[in-house]
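In: Need coordinates for the following:
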Amino acid sequence: MWLFENSDVILPSVYLTEAWAPNMRKSIIKGRVGEANRVARATHKRPRPHVLTYIRYAYTDTLNFLSQGDLYDAFSVMDQKKSDGILWGSSFDLNSQAKCRNFRKYLEDQLGPILRLFTKPKYSVQGIIHQQWH
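Out: Here you go, the predicted model:
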């Protein structure tokens, strides 16, 4: 525990493999994020270390984009466990025009809609207008 007692953040990774069954992938996400939260709660440090989950938008074995189901499972577990996250990829994923087009389609059709379900805007246009005129 000495390592976590001296840490401000705990960084579980939930890199997924497409070869695993979908229920196994969900179990791995729950297990890793849950264990990171357990460790954070077990520290005597105040404030407790923040849990910041790393997830890649592609499977590690095939480099195919994560399915909508896996995206939903990952972000719903992170939301339930109050873990923020880092979604990352590699320059290799975007090193051609075709790859960039594919990623944009994925972002617009799958990743973006799922992220919108789990992100809360910092402000709303209505709130800004209300503040300006009242």
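In: Longest helix in the chain, by number of residues?
Out: In terms of residue count, the longest helix belonging to the chain (DSSP state H) is helix 22-42.
In: following it, which helix or strand comes up?
Out: Following helix 22-42 in sequence order, the next helix or strand is strand 50-56 (DSSP states H and E).
In: And that following strand, what does it pack against?
Out: strand 9-10, helix 22-42, strand 84-88 (3 or more Cβ pairs under 8 Å, 6 or more residues apart in numbering; DSSP states H and E). Using the backbone N, CA and C atoms, a C-beta is placed for each residue, glycine as well.
In: Give me the residue at the spatial middle of the chain.
Out: Nearest to the geometric centre of the chain sits Gly85, at 4.0 Å (Cα atoms, centre = their mean).
In: got a list of what that one touches?
Out: Leu52, Thr53, Tyr54, Ile55, Ala74, Phe75, Met78 (Cβ atoms under 8 Å, 6 or more residues apart in numbering).
In: Now the buried members of those residues.
Out: Neighbour counting by 16 or more other Cβ atoms under 10 Å classes Leu52, Thr53, Ile55, Ala74, Phe75, Met78 among the contacts of Gly85 as buried.
In: For the residues you listed, give me a markdown table that also has distance to Asp61.
Out: As requested, the buried ones among the contacts of Gly85 are arranged in a markdown table below (distance: Cβ to Cβ, whole Å):
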| residue | distance to Asp61 |
| --- | --- |
| Leu52 | 24 |
| Thr53 | 20 |
| Ile55 | 15 |
| Ala74 | 17 |
| Phe75 | 21 |
| Met78 | 22 |
